[in-house]
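Asks: when you get a sec, could you give me coordinates for this:
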Amino acid sequence: MRNALVTVALFATVLLSACGSGSGADKKGGGNAPATVTTTILQPAPWSDTIDAIGTAHARESVTLTAKVSETVQRVDFDSGELVHAGQVLVTLSNAADVAGLNEAAANYRNAEQQFERQQGLVARQLIAASALDALRAARDAAKAHMDQIRSGLADRVITAPFDGVLGLRQVSPGSLVTPGTVIATLDDVSLIKLDFPVPERELPALATGEPVIARSEAYPEQTFDGTITSLDSRVDPVTRAITVQAEIANPERKLRPGMLLDVAVQQPPRTALQVPELALQQIGAQAFVFRVGADDKVEQVPVTIGARRPGAVEIVSGAQAGDRVVVEGTVKLHPGSKIVEAGTAINGGDDAGAKSKRG
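Replies: Purely as a prediction, here's the structure:
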């Protein structure tokens, strides 16, 4: 009986070993199955570098309207947010006393002018001394200066728009007492926006007036605003080591407003670069590599040096060359020496990089 049990146990052990060996063989065979991937052939293509920054919008012209004299507001001729034109009257201050003073000064000037003209004829006939005429001339000129002074004071009591623009919130009402420096409103010409943004000093050689910029605002995430660099600051900030760049952006719809924060990209002239789709690039720590396909459809892991980046593409500086065929999709299934089956081959040519096409 005991011998029979030993025999059964040995038979079961042999059977299990056989099954295990078969399973391992199946796994081994499955591990050698080619991986289905998508590849691309590297080709030089146009590449445009950008310098990214954050800028602040400023109005083309901007001023805070204030009173020059102490007086009460007689009339307000504008509303908050109104579009006004240069010379348009905005606020009129009380001026009754100055108008009366101007009328008196004008009368005195007319009288002095008449006296001078009468005596001028007498001097020509030598009936009075020339010194008397000089005194009348001085009196006339003094009367005119006094009249001009009062007229200038009256002008200070009428506040007008110095340029075309959009008014801010109204700060005064009829009957308000204003003094020199009292804010009446702000006025901004926003038909054109000046955008100031800092750029690191290392990028200075790449900056020049006339270069295009593209700005974006969180207020209008689907829209871009095109502009042009108009000037560079004459100094580099010794604390931030950045130079301030100013660009101008047309703003006919007045969507952009002074004080807005904008993302700015300075467009550089296009150049030719070798690039791969972003999916093809693998990184382990600081090392980057791609899987290059050989003639036998086996892949090798090739270290590469990368340059600039943009959404969906990475520049290859060294490590790979034009004509190399690299894996784009399916890299997670690969290791050096893996065999692949092509799902589609794409030609890397700028905007069409990563597009798939059937191999013949």
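Asks: off-centre distance for the helix or strand containing residue 214?
Replies: Remark: residue 214 resides in strand 212-217, with elements defined by DSSP states H and E. Going by C-alpha atoms, centre = their mean, to the nearest Å, the spacing between the C-alpha centre of strand 212-217 and its chain's C-alpha centre is 4 Å.
Asks: elements contacting the very next helix or strand once past that strand?
Replies: Once the chain leaves strand 212-217, the next helix or strand it forms, by DSSP H and E, is strand 220-236. Using 3 or more C-beta pairs under 8 Å, 6 or more residues apart in numbering; DSSP states H and E, the elements in contact with strand 220-236 are strand 183-200, strand 212-217, strand 242-250. Heads up, the C-betas are built off the backbone N, CA and C, glycines and all.
Asks: and those strands as CSV, adding mean pLDDT, distance to residue 36 and mean neighbour count?
Replies: Converted to CSV, the helices and strands packed on strand 220-236 look like this (pLDDT from 0 to 100; distance: least, C-beta to C-beta, whole Å; neighbours: other C-beta atoms under 10 Å):
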stretch, mean pLDDT, distance to residue 36, mean neighbour count
strand 183-200, 95, 45, 20
strand 212-217, 95, 39, 18
strand 242-250, 96, 49, 19
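Asks: closest one to residue 337 among those strands?
Replies: strand 183-200 (43.8 Å; C-beta to C-beta).
Asks: might one say that residue 52 is in contact with residue 264?
Replies: Yes. Here residue 52 reaches residue 264: they are 7.1 Å apart, a contact under C-beta atoms under 8 Å.
Asks: among those two, which residue is more densely surrounded?
Replies: residue 264 (24 against 10; other C-beta atoms under 10 Å).
Asks: and residue 140, which helix or strand is it part of?
Replies: Going by DSSP H and E, residue 140 is in helix 130-155.
Asks: next structured bit after the helix or strand of the chain with the lowest mean pLDDT?
Replies: Here the helix or strand of the chain ranked lowest by mean pLDDT, DSSP states H and E is helix 2-31, holding a mean of 42. Moving toward the C-terminus from helix 2-31, the next helix or strand (DSSP H and E) is strand 35-41.
Asks: neighbouring strands for that next one, and are they parallel or not?
Replies: strand 325-329 (antiparallel), strand 340-347 (parallel) (DSSP bridges).
Asks: avg pLDDT for the helix or strand that comes right after it?
Replies: Per DSSP H and E, the first helix or strand lying C-terminal to strand 35-41 is strand 44-47. Across strand 44-47, the average pLDDT comes to 87.
Asks: in its sheet, what does strand 44-47 sit against?
Replies: strand 271-277 (antiparallel).
Asks: so where's this protein shaky on pLDDT?
Replies: 1-32, 95-105, 121-130, 133, 149-155, 344-360 (pLDDT under 70).
Asks: residues contacting stretch 49-56, please?
Replies: Defining contact as C-beta atoms under 8 Å, 6 or more residues apart in numbering, one finds that stretch 49-56 is touched by 195-199, 203, 206-207, 215, 245, 247, 259-268, 271, 308, 310.
Asks: would you agree residue 295 falls within a strand?
Replies: No. Assignment of residue 295 by DSSP: H, G, I helix; E, B strand; the rest coil gives coil, placing it outside any strand.
Asks: ok, it - how many residues close by?
Replies: 6.
Asks: number of nearby residues for the residue nearest to residue 280 when sequence neighbours are not counted?
Replies: Using C-beta to C-beta, 6 or more residues apart in numbering and skipping the chain neighbours, the partner closest in space to residue 280 is residue 328 (4.6 Å). Counted with other C-beta under 10 Å, residues neighbouring residue 328 total 25.
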